[in-house]
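S.K.: here is a sequence with its predicted model. Questions after.
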Amino acid sequence: MTYGVTGMLRQWFHLKGWRKSIISIPYIWLVAFFLVPFIIVIGMSLGVRTSTSPPIGFAAEWPYVTLENYGRLFGDSLYVRAYLISIYNAAIATALCLLLGYPMALCIARSNRSWRNILLMLIILPFWTSFLLRVYAWMGLMGSNSWFNKDLTAFVNLFLPASQAFKFIPMMNTNFAVVLVLVYSYLPFMILPLYANLENLDGTLNEAAMDLGSRPYQVFKDITLPLSMPGVIAGGLLVFIPASGELIIPTLVGSAADPMIGRVISDEFSAARNWPMASAVAVALLVMLVLPMMVYSYFEARAQAGQDGKP
């Protein structure tokens with residue numbers, strides 16, 4: 001009997017069990033490390049702040065939960081302003097990453113194959129260094145006494161009258177510094193999906209357009225750019241989503257007067273010890289970022305189904 005059961009399990013595993021086992025791994029990972037924590041955060045957002053440890057509690061009577069924290073999101077200017085600043089900084093950083101990353105990705109995709117791996121390695125090379133150390137390096141460069149700031153100040157003063165000359169250019173603790181470091185940090189996330197898309201484009205389409213008399217900029221506008229839009233959207237999402245909730249960069253180089261939402265969440269959890277409010281802010285941020293992705297995926301699937309002739 002034991003041998004029979006073992007044989008049946010072995011046969012099942014060899015036929016289809018291994019497929020289900022392998023496929024189930026990412027689902028188990030997502031449930032354990034995304035869905036369950038997200039449900040916990042939602043539950044915390046429906047509680048109230050207490051003086052206990054952890055500083056969260058629920059009402060003793062039905063319905064046991066409250067939506068007061070979500071009401072404060074729209075009534076308190078701190079959270080509304082933090083959301084707007086986060087979206088503003090992330091949008092500018094995404095646009096700059098696209099303007100810088102598209103030519104770089106196109107150049108890598110059209111370079112000789114012997115150079116592609118070297119160029120890609122140079123793009124990935126910053127990841128070999130700690131993210132925190134790279135931010136600290138930018139803090140040193142943007143400081144008022146750094147050689148970078150002094151040389152930049154001297155260059156700018158060449159075009160200004162002496163009465164308006166700068167002693168140094170104030171870069172630290174500004175939105176400019178936040179956007180600059182965001183662009184530096186997330187530029188590879190824009191280049192890599194763009195390169196993957198551009199590298200797979202059919203080059204004969206460009207050659208056919210050139211043979212028909214199209215100029216290079218027309219070939220790019222009519223063929224390369226439209227076909228590369230999936231890479232543009234993928235890169236934009238990979239930059240915009242983490243940049244919106246960034247914590248380290250705005251904390252180290254940004255201004256406390258203009259906080260991004262990631263810093264507000266951190267302050268609510270640690271300094272204010274208002275876990276329910278911090279959880280509500282985090283849930284609202286996730287919904288704000290995920291809903292546009294779901295809408296885009298829905299219409300993209302419908303468009304793809306239409307192209308395939310399906311209803």
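M.R.: Okay, I see it. Residues are numbered from 1 along each chain as shown.

S.K.: what about Ser114, distance to Cys107?
M.R.: 15 Å (Cβ to Cβ, to the nearest Å). Where you see a C-beta, it was placed from the backbone N, CA and C, and this is true even at glycine.

S.K.: and the helix or strand containing Glu207, how far from the chain's centre?
M.R.: According to DSSP states H and E, Glu207 maps onto helix 203-211. Relative to its chain's centre, helix 203-211 lies at 35 Å (Cα atoms, centre = their mean, to the nearest Å).

S.K.: how about stretch 93-100?
M.R.: The answer for stretch 93-100 is 12 Å, by Cα atoms, centre = their mean.

S.K.: where in this structure is pLDDT low?
M.R.: 1-19, 303, 306-311 (pLDDT under 70).

S.K.: quick one: the strands in it?
M.R.: Assigned by DSSP state E, the strands in the chain fall at 48-49, 56-57.

S.K.: need the residues that contact the last one.
M.R.: By Cβ atoms under 8 Å, 6 or more residues apart in numbering, the list of residues contacting strand 56-57 from outside reads Met44, Gly47, Val48, Arg49, Thr50, Trp275, Pro276.

S.K.: if we can go back for a sec, Ser114 and Cys107: which is more packed in?
M.R.: Cys107 (13 against 7; other Cβ atoms under 10 Å).

S.K.: skip the chain neighbours and tell me the closest residue to the more buried one.
M.R.: Residue nearest to Cys107 in three dimensions, not counting chain neighbours: Leu119, with 7.8 Å by Cβ to Cβ, 6 or more residues apart in numbering.

S.K.: distance of that neighbour from Ser279?
M.R.: 43 Å.

S.K.: who has more neighbours, those two?
M.R.: Comparing Leu119 with Ser279 by other Cβ under 10 Å, the one with more neighbours is Ser279, at 23 against 18.

S.K.: who touches the more buried one in this structure?
M.R.: Val41, Ile42, Met44, Ser45, Asn69.

S.K.: turn those into JSON lines, columns for neighbour count and distance to Leu291.
M.R.: Compiled in JSON lines, these are given as follows (neighbours: other Cβ atoms under 10 Å; distance: Cβ to Cβ, whole Å):
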{"residue": "Val41", "neighbour count": "16", "distance to Leu291": "17"}
{"residue": "Ile42", "neighbour count": "15", "distance to Leu291": "15"}
{"residue": "Met44", "neighbour count": "20", "distance to Leu291": "21"}
{"residue": "Ser45", "neighbour count": "23", "distance to Leu291": "17"}
{"residue": "Asn69", "neighbour count": "24", "distance to Leu291": "19"}
